[in-house]
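K.L.:
Task: produce atomic coordinates for the following.
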Amino acid sequence: MPRSTSDPLARRVGLAGLGIYVAIATFYLSWDGWLYEWRECGFAGPNQHFDLDLLDMRWDLADGTVVYHSLSNLHNLLYLCDIQLLLGALGLLLGVRSFRQGSIALLPLTVSSLASTVIPLHDHAYPLQWAYDLVHVSGIAVGAFLLAREDPDVRAGGPWIWASWGIFLASKVLCCKWPFWEHPLAFFSLNQINHMPFSFFGLEYLLVVGLLYGVAWSTAVLLKGRPWHPVARAGLPVGLFLAICFAVTLAGFVQLQDIHTGTCR
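P.N.:
From the prediction side, this is the model:
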């Protein structure tokens, strides 16, 4: 069980996770392109390049629709899947149990994000989608490693579930066109939560908090005190998360963004 940095395997997994996080964060900080413009323009789009301008997000309103002309991928650092990966890596490297349990608590979001973005397949030809894929796969790998070695603790992971609510609110303030309560759709990525309208002072996110707590309790009951093989300890919860993701998707609660660019016209 990776309780400290003296576990060589835990340290290697933590270092790998942290290295991937730093590489992806560096990509986000320097790549100015974005998926929706690439779909319309290909690599000939005006924003498909590297730069160090972190404050170049521009948008306006056209017939009541928010149209994006350029943006910095700095907003992607608010992606909860990035945070789930970072928590797991730091928890393994520093021996901080709260970080590890936070990574486990947020793991359902990473699993659902991977399942939700597999289609359309042609998006995976774009480097920014590669970054998302790498975040998802790495976060799931770190989370599975943790699940194989320690029991989920809802009390320890719970504060990070609530922290995700704070990130949701911060994202609305930082990444939506002002006033954000009138133009709630923004180009930032929070596992499709960004598509959730800011219609009840942010309290609507409590539905997500409740779902995460429900999944965390279910996972704890499934694993605690049972002598599962490590592969089963990791695989059964991930299978549970996928089943919940598909159920939520079929119910129409998971909606991918529909961003208007206008940059190729």
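K.L.:
For the rest of this, base every contact and every neighbour count on C-alpha atoms.
P.N.:
Noted.
K.L.:
what's in contact with stretch 18-29?
P.N.:
The contact list for stretch 18-29 (Cα atoms under 8 Å, 6 or more residues apart in numbering) reads 52, 54, 72-74, 76-77, 82, 85-86, 89-90, 131, 135, 138.
K.L.:
Out of these, which end up buried?
P.N.:
Among the contacts of stretch 18-29, those classed as buried by 16 or more other Cα atoms under 10 Å are 54, 72-74, 76-77, 82, 85-86, 89-90, 131, 135, 138.
K.L.:
Just name the closest of those to G166, please.
P.N.:
Closest to G166 out of the buried ones among the contacts of stretch 18-29 is L77 (14.2 Å), distances taken as Cα to Cα.
K.L.:
ok, the closest one - contacts?
P.N.:
Contact analysis of L77 by Cα under 8 Å, 6+ apart lists 25, 28, 83.
K.L.:
any idea which of those residues is least confident?
P.N.:
Minimum pLDDT for the contacts of L77 is recorded at Y28 (84).
K.L.:
so that one sits in a strand?
P.N.:
No: counting by DSSP: H, G, I helix; E, B strand; the rest coil, Y28 falls outside a strand, being helix.
K.L.:
lowest-confidence helix or strand of the protein?
P.N.:
Of all helical and strand segments in the chain, the minimum by mean pLDDT, DSSP states H and E falls on strand 65-70, at a mean of 72.
K.L.:
Drop anything exposed from the contacts of L77.
P.N.:
Buried residues within these, counting neighbours by 16+ other Cα under 10 Å: 25, 28, 83.
K.L.:
helix/strand/coil for the first one?
P.N.:
The three-state assignment at A25 reads helix, by three-state DSSP.
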